[in-house]
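K.L.:
quick check, what structure comes out for this input:
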Amino acid sequence: MGRFFPVILLLALIPLYFSTLSTLSLMNKRLPKGDEVNVVLPSPILKITSLDFDGLSSDILYLKTLVFYGSTFVGKDANKQQRKLKESEFNWIYDMLKASTDLDPYFLDPYLFANGILTWEANKIRETNKLLEKGNHYRDWDYWLPFFLGFNHFYFLGDNEKGAEYLMEASKKPGASPLYGHLAARLAYKSNKVENAIIFLENMLEKTDDKTMRKDYETRLKALKAILFLEKGVAAYKEKTGRNPSSLAKLQELGLVEWLPVDPYGGEFYIDKDGSIKTTSDLRDMKKTQSNQENP
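P.N.:
Numbers count the residues shown, from 1 in each chain. From the prediction side, this is the model:
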């Protein structure tokens with residue numbers, strides 16, 4: 001009986017398959033006239049129809065998406081211009097990329113294409129992030145996917161905290177640029193999650209042998225530890241008085257801090273309107289910044 005089960009299951013699914021095809025055909029006919037895209041088969045149906053060729057089917061879906069996107073450019077050579085895509089066409093591109101990665105979640109190209117097209121052109125940030133999260137789950141060695149997720153949360157969604165989390169994750173992947181650690185720390189600083197940034201940078205410092213990188217990490221750690229020191233002073237002031245101090249000098253006046261730390265980047269620490277500690281250097285070497293401005 002066991003060896004006949006797959007055959008019985010396939011026979012049972014055939015009516016469902018043709019019923020689905022009939023429904024999709026009807027949906028295609030109802031699409032607005034002029035649409036160059038069709039309804040994409042649901043992933044479970046694609047799984048059945050692809051048999052044991054999931055990888056090949058994934059490639060075909062992705063290539064079909066590329067061919068369609070390429071067809072939206074009109075003109076010749078340098079005069080080529082892209083026509084404006086319709087919402088339904090962007091939806092179809094997303095559905096195709098989703099289906100392609102459902103069939104082969106390890107296939108990197110559809111994720112990269114989605115992040116390059118659906119974010120900037122279609123404003124489908126959350127949909128793109130869903131694809132990237134799927135890829136990040138399966139391609140757990142790849143730093144590109146958490147890097148893109150971090151950028152999308154920071155740049156498009158304004159979520160510095162989530163962006164920093166993904167960038168921290170990306171920086172720990174094999175082959176990741178040390179720059180990711182700096183970006184994560186900066187986002188964490190601007191999200192007032194200074195303690196997380198300190199812990200992260202201390203871990204990076206332990207694993208870094210490069211003298212230049214170690215110096216950069218040490219400077220950033222010194223700045224973040226100074227910010228954390230002042231934040232604790234502000235919290236103590238607020239607990240004692242019920243309000244935020246008008247200046248850092250008030251912390252010394254009440255004896256909450258013995259000294260005011262110096263920004264190693266050359267800026268000045270100050271209390272922002274929301275009570276958080278900021279610096280005029282924005283965690284960048286002000287000497288280098290001034291030098292770049294003087295010598296463009």
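K.L.:
burial count for S246?
P.N.:
A count of nearby residues for S246, using other Cβ atoms under 10 Å, gives 8. Heads up, the C-betas are built off the backbone N, CA and C, glycines and all.
K.L.:
which residue packs closest to it, ignoring adjacent ones?
P.N.:
Computed as Cβ to Cβ, 6 or more residues apart in numbering, the closest residue to S246 that is not its neighbour in sequence is I271, at 7.6 Å.
K.L.:
can you pull the contacts of the one you found?
P.N.:
Applying Cβ atoms under 8 Å, 6 or more residues apart in numbering to I271 gives the contacts V234, N244, P245, S246, S247, L248, I277, K278.
K.L.:
name the nearest residue to the third one, ignoring sequence neighbours.
P.N.:
What it means is P245. In space, and not counting its chain neighbours, P245 is closest to Y237: 4.8 Å by Cβ to Cβ, 6+ apart.
K.L.:
wait, that neighbour sits on K250?
P.N.:
Yes: applying Cβ atoms under 8 Å, one finds Y237 in contact with K250, separated by 6.5 Å.
K.L.:
higher neighbour count, those two?
P.N.:
Between Y237 and K250, counting by other Cβ under 10 Å, Y237 is the more crowded of the two (22 against 17).
K.L.:
now the helices for the stretch 51-200 of the chain?
P.N.:
Taking DSSP state H, counting those that start in this stretch, the helices of the stretch 51-200 of the chain run over residues 54-71, 87-103, 108-117, 125-138, 144-151, 160-171, 179-190, 194-206.
K.L.:
next secondary structure after the last one?
P.N.:
Right, helix 194-206. Downstream of helix 194-206, the first helix or strand assigned by DSSP states H and E is helix 211-241.
K.L.:
that following helix vs helix 179-190, what angle?
P.N.:
Angle, helix 211-241 to helix 179-190, by axes from the mean of the first three to the mean of the last three Cα atoms, to 10 degrees: 10 degrees.
K.L.:
got the buried residues for helix 211-241?
P.N.:
Of the residues in helix 211-241, 216-217, 220-221, 223-227, 229-231, 233-234, 236-237 count as buried by neighbour count, 16 or more other Cβ atoms under 10 Å.
K.L.:
give me the buried subset of the contacts of I271.
P.N.:
Here, 16+ other Cβ under 10 Å leaves V234, N244, P245, L248, I277, K278 buried among the contacts of I271.
K.L.:
just those: which are in helices?
P.N.:
V234 (DSSP state H).
K.L.:
looking at the buried ones among the contacts of I271, which are in strands?
P.N.:
I277, K278 (DSSP state E).
K.L.:
coming back round to it: so which of the helices of the stretch 51-200 of the chain gets nearest D282?
P.N.:
Nearest to D282 among the helices of the stretch 51-200 of the chain is helix 179-190 (8.3 Å), distances taken as Cβ to Cβ.
K.L.:
now the closest one: how far from the chain's centre is it?
P.N.:
Mean-position distance between helix 179-190 and its chain equals 13 Å (Cα atoms, centre = their mean, to the nearest Å).
K.L.:
I'd like the average pLDDT over that helix.
P.N.:
In this model, helix 179-190 has an average pLDDT of 80.
K.L.:
over to stretch 124-138?
P.N.:
Stretch 124-138 shows a mean pLDDT of 97.
K.L.:
next, the buried residues of that stretch.
P.N.:
By 16+ other Cβ under 10 Å, the buried positions in stretch 124-138 come out as K124, I125, E127, T128, N129, L131, L132, K134, G135, N136.
K.L.:
tally of neighbours for the nearest residue to the second one once chain neighbours are set aside?
P.N.:
Right, I125. Spatially, and ignoring its direct neighbours in sequence, I125 is nearest to F156 (4.5 Å; Cβ to Cβ, 6+ apart). For F156, the count of nearby residues is 16 (other Cβ under 10 Å).
K.L.:
ditto for L179
P.N.:
That count, for L179 with other Cβ under 10 Å as the rule, works out to 11.
K.L.:
report the contact partners of it.
P.N.:
Counting by Cβ under 8 Å, 6+ apart, L179 touches no other residue.
K.L.:
now do the phi/psi pair for the nearest residue to R186 once chain neighbours are set aside.
P.N.:
Excluding its sequence neighbours, the residue lying closest to R186 (Cβ to Cβ, 6+ apart) is L283, at 5.9 Å. Taking degrees, to the nearest 10, you get phi 60, psi 40 for the backbone angles of L283.
K.L.:
ok, and the closest non-adjacent residue to the most centrally placed residue in the chain?
P.N.:
Central residue of the chain (Cα atoms, centre = their mean): L149, 1.3 Å from the mean position. In space, and not counting its chain neighbours, L149 is closest to Y166: 4.2 Å by Cβ to Cβ, 6+ apart.
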